[in-house]
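Asker: Structural data only, the sequence is not supplied:
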């Protein structure tokens, strides 16, 4: 039986995803204006920027100044991303930041080695260290991610047994450290998911870890993003990473035509049409998408930002 | 219970949809090469061009020469579109054409009047005349379309009762003229559909007309196209209009940012991933999308044409 959730939470990845992949560095004032506008949409979770090597990712060089310049709205979490201990320690000094304890697990030896320069076994050990570091600094658990949870460009299909193995592992690691993740994410890192695979893998997680909140991190690499999103809704999933205007793509994944996360405003529109609440003002969110498109200066992949929502037509029709 | 179909048929609308909306007129040889390449993909139904006023739609001025120049492949239907009797009579003289008896019904008085310059009542009467004209010329029934079957920019939401009324009407018209349509299409002409509306309306058609084959004509105006497609698959629908590279948009609908039909190769990819047969060679179809993008000279909306399918990665992973 299909049970759509009553409320869906979106975690906005657009600013970090978008800006880190661009070659240009946009004026700080423009980026701040975007975050402030996003703060006014009803979004409660905005990933602002990352703390990474500025030589490797020049647009992220001024992350501390960026965080300091935003006008935080009560109830909104402004998060940062780090890839190593040095980045995390810098994050501790950020203004306006919500520090979140996130750990990552990999399903693909080849992808893990290429992307993290670690074997799966080493990477798993690292996560223990991360949890201890987070605890040491009073950073609460936020989410555990299973990366390439559907497939990987090097190893192909990821067997369902490997998802099951990772879910069991994460459950035991959380218990071992008394660090209870409120959410477990399945990430379709390089665009291998399809709607039936989404459903089956959600079933696997629920079988092994009943009650854990499931999140999905989906990329619309091959045009199935919205269908994957809907399939997850049908399974009652209520937590998604997404990107304003479909910003993004993985700068390190190094594959041609990499697409960003599913588009926040298009998916909010879908929720609206399905009668699912999101707490987000769609028209304000579309304004943000239009704003960021003007900033970046080329046509972005979001759809409804170009076609407009249905609210105007509904209003006219009602008159 | 979800029952995905075993085989899905795609009717390719890209060439007509794409070329009629462009301002440029592409060399005949290039357009012929595209049709010939599409003929080799496994597609069985290709809408090549329309017979419309060349002053209004200049790219369609050489439709007879275009049809004459293609190299038809046995088993593939090459169809034409006409909007009035004059166009239909010209279609009778086309080479290589499959003439198909198609009728259209409207659910929105305002849209019908604006788009067809006819009231719904007049338009209904016209369809009787069309059927008699088709019969007179030995043109077999192909499909009845219900336009704006989900919503309309002028009248807003289309009530489900109006869909029911039209289904009953079409069923009785088909019986009255002994002209048995093999398919009844629900058309989301201006992008109002959502997955749940898709499911409910399919249910309505099946209640009233059990056994009729249902087709969907979907536009990806607001980013829900792939989710709507998947929702229809879940209802067992096995017939879709679609456009190569997501070409198209309605030149007459006159609304900003109108998007084309759902993207053929992205949806074929979805079917492949779901284990549904289509009879189509995805990699050849992607080559056609890349070909048409080069012809048109700007980035088109298809996704997998830019990211590539998974077959290469699967092959590498298996080695």
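Answerer: Right, received. Where do you want to start? What you see is a predicted model; the values in this text were computed from it and never measured.

Asker: Just the strands from chain A, written as ranges.
Answerer: A:9-12, A:45-51, A:77-82, A:101-106, A:141-147, A:151-152, A:156-157, A:183-188, A:213-218, A:239-242 (DSSP state E).

Asker: of all those, which lies closest to chain B?
Answerer: strand A:156-157 (3.0 Å; Cβ to the nearest Cβ). Heads up, the C-betas are built off the backbone N, CA and C, glycines and all.

Asker: Show me what the closest one is packed against.
Answerer: Taking 3 or more Cβ pairs under 8 Å, 6 or more residues apart in numbering or on different chains; DSSP states H and E as the contact definition, the neighbouring helices and strands of strand A:156-157 are helix B:311-318.

Asker: List the buried residues for the helix it packs on?
Answerer: For helix B:311-318, burial by neighbour count (16 or more other Cβ atoms under 10 Å in any protein chain shown) applies to B:313, B:317.

Asker: how about that helix, does it reach chain A?
Answerer: Yes - contact of helix B:311-318 with chain A (Cβ under 8 Å from any Cβ of the partner chain) involves B:313, B:314, B:316, B:317, B:318.

Asker: wait, which of those is closest to residue A:38?
Answerer: Of all the residues of helix B:311-318 next to chain A, residue B:313 has the smallest distance to residue A:38: 34.7 Å, by Cβ to Cβ.

Asker: Could you check the pLDDT of that closest one?
Answerer: Predicted confidence (pLDDT) for residue B:313: 93.

Asker: Show me where the stretch 151-300 of chain A has its helices.
Answerer: Ranges of helices within the stretch 151-300 of chain A are A:160-177, A:195-208, A:225-234, A:264-274, A:282-296, based on DSSP state H, counting those that start in this stretch.

Asker: which of the ones you listed sits most buried?
Answerer: helix A:225-234 (a mean of 28; mean count of other Cβ atoms under 10 Å in any protein chain shown).

Asker: Do it and chain B come into contact?
Answerer: Yes - shown here: helix A:225-234 in contact with chain B (Cβ under 8 Å from any Cβ) through A:225, A:226, A:227, A:229, A:230, A:231.

Asker: Output those in CSV; the columns should cover pLDDT.
Answerer: CSV is the format used below for the residues of helix A:225-234 next to chain B (pLDDT from 0 to 100):
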residue, pLDDT
A:225, 97
A:226, 98
A:227, 98
A:229, 98
A:230, 98
A:231, 98
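
Asker: Can you lay out the strands of chain A as TSV showing mean pLDDT and mean neighbour count?
Answerer: Converted to TSV, the strands of chain A look like this (pLDDT from 0 to 100; neighbours: other Cβ atoms under 10 Å in any protein chain shown):
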stretch	mean pLDDT	mean neighbour count
strand A:9-12	98	24
strand A:45-51	97	24
strand A:77-82	97	21
strand A:101-106	98	23
strand A:141-147	98	23
strand A:151-152	94	26
strand A:156-157	94	17
strand A:183-188	98	24
strand A:213-218	98	22
strand A:239-242	98	24
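
Asker: can I get those strands in TSV with distance to residue B:36?
Answerer: Converted to TSV, these look like this (distance: least, Cβ to Cβ, whole Å):
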stretch	distance to residue B:36
strand A:9-12	45
strand A:45-51	48
strand A:77-82	49
strand A:101-106	45
strand A:141-147	43
strand A:151-152	34
strand A:156-157	33
strand A:183-188	36
strand A:213-218	37
strand A:239-242	41
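
Asker: Select, out of those strands, the one closest to residue A:26.
Answerer: Per Cβ to Cβ, nearest to residue A:26 of those: strand A:45-51, 11.7 Å.

Asker: Please tell me how far the closest one is from the chain's geometric centre.
Answerer: 10 Å (Cα atoms, centre = their mean, to the nearest Å).

Asker: Stretch A:147-159 too?
Answerer: Counting by Cα atoms, centre = their mean, stretch A:147-159 comes out at 18 Å from the chain centroid.

Asker: cool, and stretch A:105-120?
Answerer: Counting by Cα atoms, centre = their mean, stretch A:105-120 comes out at 19 Å from the chain centroid.

Asker: Buried residues, it. List them.
Answerer: For stretch A:105-120, by 16+ other Cβ under 10 Å, it's A:105, A:106, A:107, A:108, A:110, A:111, A:112, A:113, A:115, A:116, A:120.

Asker: which ones are touching the first one?
Answerer: Translated: residue A:105. Residues near residue A:105 by Cβ atoms under 8 Å, 6 or more residues apart in numbering or on different chains: A:123, A:124, A:127, A:144, A:145, A:146, A:147, A:166, A:169, A:170.

Asker: List the ones among the buried residues of stretch A:105-120 that fall in helices.
Answerer: Judged by DSSP state H, the buried residues of stretch A:105-120 include A:110, A:111, A:112, A:113, A:115, A:116, A:120 as members of helices.

Asker: Of those residues, which is the nearest to chain B?
Answerer: Using Cβ to the nearest Cβ, those come closest to chain B at residue A:110, 8.8 Å.

Asker: mind putting the residues of helix B:311-318 next to chain A in JSON lines, distance to residue B:155 included?
Answerer: Below are the residues of helix B:311-318 next to chain A laid out as JSON lines (distance: Cβ to Cβ, whole Å):
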{"residue": "B:313", "distance to residue B:155": "47"}
{"residue": "B:314", "distance to residue B:155": "47"}
{"residue": "B:316", "distance to residue B:155": "52"}
{"residue": "B:317", "distance to residue B:155": "51"}
{"residue": "B:318", "distance to residue B:155": "53"}
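
Asker: which parts of the stretch 51-200 of chain A sit against chain B?
Answerer: A:151-157, A:191-192, A:194-197.

Asker: Widest-spaced pair of those?
Answerer: Once Cβ to Cβ is applied, these give A:154 and A:195 as the farthest pair, at 23.9 Å.

Asker: coming back round to it: could the residues of the stretch 51-200 of chain A next to chain B go into a markdown table alongside distance to residue A:44?
Answerer: Below are these laid out as a markdown table (distance: Cβ to Cβ, whole Å):
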| residue | distance to residue A:44 |
| --- | --- |
| A:151 | 31 |
| A:152 | 31 |
| A:153 | 33 |
| A:154 | 36 |
| A:155 | 36 |
| A:156 | 37 |
| A:157 | 35 |
| A:191 | 27 |
| A:192 | 29 |
| A:194 | 29 |
| A:195 | 27 |
| A:196 | 31 |
| A:197 | 29 |
